[in-house]
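Colleague: kindly return the folded structure for what I paste below:
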Amino acid sequence: MVQLGFIEKGGIDDIIEREKMSSTSFNNNVAVPHSMQMNALKSAISIVLNDKPVNWGNSSVQIIALIALNKDERSIFRDIYDSFIKIISEPENVYLLLKSNNYDEFINNLLILMEE
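Modeller: Just a heads-up that it's a prediction; the model follows:
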């Protein structure tokens, strides 16, 4: 996200500090790390799908969704964020997303879930 111009290098430290306060893992195989500040240069969600669970705090996760939020874009991005959180809160949705074989399939599955 730094290389693509979504967050400044210091934004990584903000995300790590937030994670130290309390793990952002859900009990259903997902972590949603983010900063406490809305200091991103541009709002974005960066997704990592792991073939096998990785340790995240006291949990194991396979989906990591790094959220970057720009304060000037928060009203536009809020609906997307809320919909995304609702989707990953359901274990069957997480399972469907994990079955994605590539980026396009993941996006298609996500869009299907957002339309429901």
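
Colleague: check the offset of the helix or strand of the chain with the lowest mean pLDDT from the chain's centre.
Modeller: Least confident helix or strand, the chain: helix 74-88 with a mean of 87, by mean pLDDT, DSSP states H and E. Centroid separation between helix 74-88 and its chain, computed with CA atoms, centre = their mean, to the nearest Å, is 10 Å.

Colleague: what comes up buried for that helix?
Modeller: 77, 81, 84, 87, 88 (16 or more other CB atoms under 10 Å). (C-beta placed from N, C-alpha, C; glycine too.)

Colleague: ramachandran coordinates for the nearest residue to the first one once chain neighbours are set aside?
Modeller: Put plainly, it is residue 77. Using CB to CB, 6 or more residues apart in numbering and skipping the chain neighbours, the partner closest in space to residue 77 is residue 43 (4.2 Å). With angles defined as degrees, to the nearest 10, residue 43 sits at phi -70, psi 140.

Colleague: so how far is residue 67 from residue 43?
Modeller: Separation of residue 43 from residue 67 (CB to CB, to the nearest Å) stands at 8 Å.

Colleague: ditto for residue 81
Modeller: 7 Å.

Colleague: and residue 68, what element?
Modeller: Using DSSP states H and E, residue 68 sits in strand 59-70.

Colleague: count of residues packed around residue 62?
Modeller: 20 (other CB atoms under 10 Å).

Colleague: typo on my end, it should be residue 94
Modeller: By other CB under 10 Å, the residues close to residue 94 number 20.

Colleague: follow-up on the earlier one: and for residue 81 and residue 67, which residues touch both?
Modeller: Here residue 81 and residue 67 share the contacting residues residue 45, scored by CB atoms under 8 Å, 6 or more residues apart in numbering.

Colleague: one step back: what's the least confident helix or strand of the chain packed up against?
Modeller: Packing partners of helix 74-88 (3 or more CB pairs under 8 Å, 6 or more residues apart in numbering; DSSP states H and E): strand 39-56, strand 59-70, helix 91-98, helix 103-115.

Colleague: which of the ones you listed sits most buried?
Modeller: Each of the helices and strands packed on helix 74-88 was scored by mean neighbour count; the highest is strand 59-70, a mean of 20, by mean count of other CB atoms under 10 Å.
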